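Novice: what follows is a predicted protein model with its sequence.
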Amino acid sequence: MHVGIAGAGIMGRTLAFSLLERGHQVTLFDRDPVQEGGAAAYAAAGMLAPLAELESAEHDIYRLGRRSLRLWPGLIDRLAADVDYHRLGSLVVAHGADGAGFREFHRRLSNQLPQQERENLCLLQGEALALEEPDLADRFGEALWLKGEAWLDTRKLMTALADYLPGSGARWHATTPVESLAPGVIRTGHEDHCFDVVVDCRGLGARDAIPGLRGVRGEILWLDAPQVRVNRPVRLIHPRYRLYLVPRQGNRYVLGATQIESDDSGPVTVRSSLELLSAAYSLHDGFSEARVVHMEANCRPALDDNRPRLIAGDRLLRINGLFRHGYLLAPALAELATDWLENPNPVDSGHDVLFSFDNEEAHD
């Protein structure tokens, strides 16, 4: 097939990778330049954390996230680029006053996990915590270790995909806004581009075609903190928000927590930055001398249930609603979408909840 993909964020790029690996032709269209832009994928921490999400998300998010964890290493190996990928698990901690929230998180996660997978939850106390994260052991008496979770540098990954895809045969129409989509057709300006099938990966750019699609604002800070040594992502339980801290190379950390029901993609607010930095200092006092090197806000596309959706029609497939799970879900959704494009009839019963159909022809 020759597949036209509208949108080159993380979903569009991983889908293009999946299609090229299966021998299909791919043409990408995006409003941004190839190596940079305003996609929500650039304002993300890159946590691949299906266990942590299971505490509050639907089970299909966990199932797809686990599948993505198996797919990411092979994808990264094919890129042959440094994307700062690690799989050392993540930690959940809480201050003494928030111990009840910590125990409730642990309880809910244990109840949600299948019995055979509960070994991936490990409560670290005292010397065990000091062995894994010495810098946190003095401030926290215990931590929940979610084994097998991973993380990567989102900007490095987006760059690696931008380098790999054209070199593997993909055509890329950068700085080319998509005006409209139709079955097998992408319109840009006054030109129609025809394909065997079109896939819409535009995120919030597809709001006119997907009722109920909304923006959820997220804000992150990049910190240069040479006095901090944290080896894996850390989540801090808090009554009002949950801080996450994700390591980067060179003593840098991505700090975030906010999840605001708004499609305002303006600069980070004073309130959010104060809350984030105060929480970071409570996590490790070495952040008192850290330098804020970058602040960024963006809006992620979400549907009413915060679950992704694949909307299939005649020669047109839409993938949207990835919410805050873009990097966690993209490889699994790309695999699922590629399977369906190659064989549109059957939908696996484990994933049928993610599919909807524009007409009976697409389903039959």
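Specialist: Okay, I see it. Numbers count the residues shown, from 1 in each chain.
Novice: for the record, mean pLDDT for the longest helix along the chain?
Specialist: Secondary structure of the chain per DSSP state H: the longest helix is helix 59-79. The average pLDDT within helix 59-79 is 95.
Novice: in that helix, what counts as buried?
Specialist: Using 16 or more other C-beta atoms under 10 Å as the test for burial, helix 59-79 gives 61-62, 64-69, 71-72, 75-76, 79. Just so you know, the C-beta spots here come from the backbone N, C-alpha and C atoms, and that holds for glycine as well.
Novice: pLDDT below threshold where in the stretch 251-364 of the chain?
Specialist: 258, 345-353, 355-364 (pLDDT under 70).
Novice: look up phi and psi at V234.
Specialist: Backbone torsions for V234, taken as degrees, to the nearest 10, come to phi -130, psi 130.
Novice: close enough to count as contact, it and Y244?
Specialist: Yes - between V234 and Y244 there is a contact under C-beta atoms under 8 Å: 7.1 Å.
Novice: for the stretch 201-350 of the chain, what spans make up the helices?
Specialist: Remark: helices assigned in the stretch 201-350 of the chain by DSSP state H, counting those that start in this stretch are 270-283, 326-342.
Novice: between those, which gets nearest to P183?
Specialist: Closest to P183 of the helices of the stretch 201-350 of the chain, according to C-beta to C-beta: helix 326-342, at 13.2 Å.
Novice: so what's the gap between the closest one and the chain middle?
Specialist: Helix 326-342 has its C-alpha centroid displaced from the chain centroid by 13 Å (C-alpha atoms, centre = their mean, to the nearest Å).
Novice: buried sites along that helix?
Specialist: Buried residues in helix 326-342 (16+ other C-beta under 10 Å): 326-341.
Novice: now, which of those sits nearest N111?
Specialist: Nearest to N111 out of the buried residues of helix 326-342 is L328 (C-beta to C-beta; 21.0 Å).
Novice: residue contacts, that closest one?
Specialist: By C-beta atoms under 8 Å, 6 or more residues apart in numbering, the residues touching L328 are 47-50, 53, 61, 64-65, 68.
Novice: so can I have TSV of those residues showing distance to L121?
Specialist: What follows is these, written out as TSV (distance: C-beta to C-beta, whole Å):
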residue	distance to L121
M47	17
L48	17
A49	13
P50	13
E53	14
I61	17
L64	20
G65	15
S68	20
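Novice: which single one of the residues you listed is nearest to A100?
Specialist: When the contacts of L328 are compared against A100 (criterion: C-beta to C-beta), the nearest one is E53, at 21.2 Å.
Novice: ok, and the closest non-adjacent residue to that closest one?
Specialist: I61 (5.5 Å; C-beta to C-beta, 6 or more residues apart in numbering).
Novice: for the one you found, give me its contacts.
Specialist: 50, 53-54, 307, 325, 328-329.
Novice: burial count for S110?
Specialist: 13 (other C-beta atoms under 10 Å).
Novice: any idea which element it lies in?
Specialist: Secondary structure from DSSP states H and E places S110 in helix 99-112.
Novice: quick one: the helices in the stretch 1-150 of the chain?
Specialist: 10-21, 50-54, 59-79, 99-112, 127-132, 134-137.
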